[in-house]
Every structure is written in structure tokens, then in C-alpha cells.
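Visitor: A structural model of the following input is requested.
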Amino acid sequence: MREVTRKRLLVCCGTAHPELGEEIATGIGIAAGKVEVSRFSNGEIYVRFLESVRGADAFVVQTLAEPVNDSIMELLLMMDALNRASAKRITAVVPYYGYSRQDKKSLSREPISARLVADIIAAAGADRVLSVDLHAGQIQGFFKFPVDHITALPLLAGFIIQKNLSNLVVVSPDAGRVKVAKRLADRLNVTMAILHKRRPNKNEAEVLHIIGEVEGKTAVIIDDMVDTAGTMVEAAGSLKKRGALEIYACATHPILSGSAIERIRQSEIKEMVVTNTLPVPPEKKIDKITVLSIAPLLADTITAVFKDESVSEIVGGDNQL
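Guide: Residues are numbered from 1 along each chain as shown. Predicted structure coming up:
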């Protein structure tokens, strides 16, 4: 007699952002997998799955939140445990891909850290990766297996549309975000502007020129991440000086490190909308910051991957950088 095996979907969450993992599992309609994650007294991480994973199509949800290196190590150990316990396929769901800004050599004797992270994820047993708004498109090519790249653009655009703002202009904070800004401008059916900036230091930005008309308009700045908020705040100040009436900001990944919150609070930005690809602790949820959930989009994407259906259709084809 021939026995037909059924595919089993397993969604398990690391400790970097367990609320997001639980929300994704709930959106899919399943319970999150049972996994124990603890630490030895010297800081080493211990991982053990508390249920059988044999033959499962496993999705490990672990965003690379601060402390980034601990988050990476925990992800690797979870995938290694799944691999050794005979999971059929392992997908690393990494909403925020850490080290993504180091995707090439800008100076001599530098590492290409984004490629190294890709290599160790592959070495730990991943069969594919799912991520949101990668900082650079070439990161997809660092892997020798499929990368499902999705974007929060539909989510951010929907929020701006609901605000019912008039006389809009979408602003790219630098040359690297022009394509994304153009897509947002097309969705909103408005014009766009581009900022020409330079970086005196790693976490500093200086706006040199503004290309496009912003005077008398409501500006919407779009970027993939907000770290120290230097770029966003400097851009908002420059737009205000050029005559913009109100400034809104959109970003997928709210890193919000250092003095970012205080900078945003004192800036010309009226409202900043981000997603929960990274956890935003209560002390950082100031009135100017609105957090949208990326969980429904990730739940739909995981379901599509599990069922071998199209991922690009979920985001309307906007998932290519």
C-alpha cells in the first residue's frame, strides 16, 4: 500500500522579536512551534525544540535586532537544531537583515559583512531566506538558494493615502533610494524630489542640494531604515528651509539607536511611520512615531512559499530592488 505524506508547516520564533513571530503564526492560523532558548552563565546560547520537527517545512522567524550578534547566533543555532532533527526544509525569516549596509568594499581592507552573514546562514542549514526591504539588491545574489524579498511599500503607501494629505511630494533622501521613492510617488500619483547628501562620518549626513520642487508642498521622505535618524532629521530641516509646509517620514526598519528618539522629537518631522520588523520598546514610542504591523504581509508570504504560490503577487510586483 502506498502512503501519501502531507506537508507540515512549522513557524518558530527566536527571542529577538517574539511578538512579531507570534503575530505571524496567529495570522497563518497555527500555533508557534515550541522551542526553548536560554543562556549559560557565560553568555553561550542554548536551543532545543520541544516537539518533533521531522519532515516539517520550518520557518524560523528571527529579526536581527540589537544585540545583533546574539540575534544572528541564535538564528544559526535554531536552524542547526532543525537540520539535525530532520526538518525537510528550513527558511530563515529575517525581517531586518543585519550588516546589510556593508554590502560592498568602499575602502581598502574592509570586509563585505553582508556576504559573510549570508555565508553563515547557508552553512547553518538554511534552504531559503525571506527578508523585508533589503538595503541593497545585490544581497540577494550573496545566496546560492532562493531569496524571497518583500517590501513594506504597499503598507506605507496605504498609510499615507489614509492621511488624505494634499499637494504631496515624495522625497528620496539619497541616490540609493530613488527607485523606491519613484514607486511610492507612482502609487500616490504625485511628483518626487531627490536630496544630494554626503556623509562626513558613518552616522552623520549633510544635505548639499535638493533636486525638485518642494516649496509649498507636503513632503514625504522614504527610506529603508532609520538608525540614528541623522539622515531623516537633516533632510527634514533642509526641506523646511526650502519652503515645505509639512514633513512626514516613512521607513521600514526602526533601528532607532543612540539619540535617534530625541532627534526625531526635536525635528521638523510631523510624523514618522515605521513597521515592526524590529521591536520598538515603549520608551521609544513617542507621539511622532507610528508603528504599522508587517506581520500580515509576512504571514501571507510564508503561506505562499509553503503552498508554492507566487510571492510577487502579494506586493503587486514591487519586491524587486
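
Visitor: Let me know whether residue 50 touches residue 37 as I believe.
Guide: No: between residue 50 and residue 37 there is no contact under CB atoms under 8 Å: 10.7 Å. C-betas here are computed from N, CA, C, even on glycine.

Visitor: Which of these two has more residues huddled nearby?
Guide: residue 37 (17 against 9; other CB atoms under 10 Å).

Visitor: wait, is the more buried one part of a helix?
Guide: No: secondary structure of residue 37 (DSSP: H, G, I helix; E, B strand; the rest coil): strand, not part of a helix.

Visitor: pretty sure it contacts residue 46?
Guide: Yes: counting by CB under 8 Å, residue 37 does reach residue 46; the two are 7.2 Å apart.

Visitor: where does the stretch 201-321 of the chain have low pLDDT?
Guide: 201-208, 317-321 (pLDDT under 70).

Visitor: Which parts of it are helices?
Guide: Shown for the stretch 201-321 of the chain, the helices assigned by DSSP state H, counting those that start in this stretch span residues 230-241, 260-266, 295-306.

Visitor: can you redo the ones you listed as TSV with mean neighbour count and distance to residue 101?
Guide: Formatted as TSV, these follow (neighbours: other CB atoms under 10 Å; distance: least, CB to CB, whole Å):
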stretch	mean neighbour count	distance to residue 101
helix 230-241	22	12
helix 260-266	17	16
helix 295-306	20	22
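
Visitor: Relative to residue 18, which of the ones you listed is closest?
Guide: helix 295-306 (12.1 Å; CB to CB).

Visitor: nearest residue to residue 187 other than its sequence neighbours?
Guide: Spatial nearest neighbour of residue 187, chain neighbours left out: residue 157 (4.4 Å); criterion: CB to CB, 6 or more residues apart in numbering.

Visitor: my guess is the one you found meets residue 184, correct?
Guide: Yes: applying CB under 8 Å as the test, residue 157 and residue 184 come out as touching, 5.8 Å apart.

Visitor: more crowded one of the two?
Guide: Ranked by neighbour count (other CB under 10 Å), residue 157 and residue 184 place residue 184 first, with 25 against 22.
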